[in-house]
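1. Predicted model and sequence follow; I will ask about them next.
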Amino acid sequence: MASHGQDVTLLTVWASPFSMRAKFALLLKGIEHEDLPQDLDNKSKLLLESNPVHKKTPVLIHKGKPVSESAIIVHYIDEVWPETSPLLPQDAFLRAKHRFWTDFIDKKILDSLGRFVRSSDGGAAVNEEFIQNCLLLEGALAELGDEEEGPFFGGGSMSFLDVMLAPYAVLIPGVEQVMGLKPASREQCPRLHKLFGAVAEHPSAKVALPPIDKLKEYIQARYGSK
């Protein structure tokens, strides 16, 4: 193993896609860690001290030093433990592309999914916007991923961008089944469908990502169904 559990602690909320990313990266690299679930309605002293600016999860605490924000955490994990399952490409231009599309996932994919969940009019317009965003991501996967090597942005192995996208393998079906979201079809986004299928089968996913049924119960309880 690349690290000892007492050196690495992760503050998480199980239903948060951001926590899922950090957990996924640690598991991919085989880094032993202590997982400390947090209650955001009753924030712990450790969380408030570790992330005084945003007071949110995830927070990675490595050798007593806290790192926050999921993309920054995954980048940090990749830099500190580069020898196992490297995530960011070596090429500076490709690294920039990974950061660009990570920003797109957070500003467009997550945003349109969140607005659909909160919509009061059935969400048809924002659902269409979500599908268009997925089509743009499909184009990025066709450009950056080598389909002959494998289904991921990293080809046969998961890369930084795959870790950023992994939580949507359970979030999209959860919102679809509870709230009636119409995802992009297999015909519209064949590569994304393959990627999400491969993520769901990945050994790390079975630990880092919650079961869809558990997530559905959470979505139902928090947002109801449309």
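-> All right, it came through fine.
2. for E69, what are its contacts?
-> Contact analysis of E69 by CB atoms under 8 Å, 6 or more residues apart in numbering lists F18, H54. All C-beta spots, glycine's among them, are computed from the backbone N, C-alpha and C.
3. Let me fix that, I meant to ask about G139.
-> Counting by CB under 8 Å, 6+ apart, G139 has no contacts.
4. Quick check: what element follows whichever strand or helix holds it along the chain?
-> Per DSSP states H and E: G139 is located in helix 124-144. Counting by DSSP H and E, the element after helix 124-144 in chain order, helix or strand, is helix 160-165.
5. For that following helix, give me every contacting residue.
-> Applying CB under 8 Å, 6+ apart, the contact partners of helix 160-165 are 21, 24-25, 28, 70-71, 74-75, 78, 87-89, 98, 101-102, 105, 137, 144, 152-154, 195, 199.
6. Helices - which of those land there?
-> 21, 24-25, 28, 70-71, 74-75, 78, 98, 101-102, 137, 144, 195, 199 (DSSP state H).
7. Return the member of those nearest to L46.
-> S70 (18.1 Å; CB to CB).
8. surely the closest one meets F24?
-> No. S70 is beyond contact range of F24, at 9.7 Å (criterion: CB atoms under 8 Å).
9. ok, and the nearest residue to E129 once chain neighbours are set aside, which helix or strand is that part of?
-> Counting by CB to CB, 6 or more residues apart in numbering, E129 lies nearest to S112, which is 4.9 Å off, once chain neighbours are set aside. Assigned by DSSP H and E, S112 belongs to helix 110-118.
10. sorry, back to before: the helix holding G139 versus helix 110-118: what angle between them?
-> For helix 124-144 against helix 110-118, the angle by axes from the mean of the first three to the mean of the last three CA atoms, to 10 degrees is 150 degrees.
11. quick one: helix 124-144 to chain centroid distance?
-> Per CA atoms, centre = their mean, to the nearest Å, the displacement of helix 124-144 from the mean C-alpha position of its chain is 16 Å.
12. cool, stretch 197-210 as well?
-> Per CA atoms, centre = their mean, the centroid offset for stretch 197-210 relative to its chain is 11 Å.
13. got it, and stretch 106-115?
-> Counting by CA atoms, centre = their mean, stretch 106-115 comes out at 13 Å from the chain centroid.
14. Tell me where the model's unsure across the chain.
-> Applying pLDDT under 70 to the chain picks out residues 1-6, 225-226.
15. What separation is there between the residue in it sticking out farthest from the centre and N127?
-> In the chain, counting by CA atoms, centre = their mean, D121 sits farthest out from the average C-alpha position, at 27.7 Å. According to CB to CB, to the nearest Å, D121 stands 11 Å off from N127.
16. likewise K107?
-> Applying CB to CB to K107 and N127 gives a distance of 18 Å.
17. Comparing those two, which shows the higher neighbour count?
-> Neighbours per residue (other CB atoms under 10 Å) separate K107 from N127, with N127 holding more: 20 against 11.
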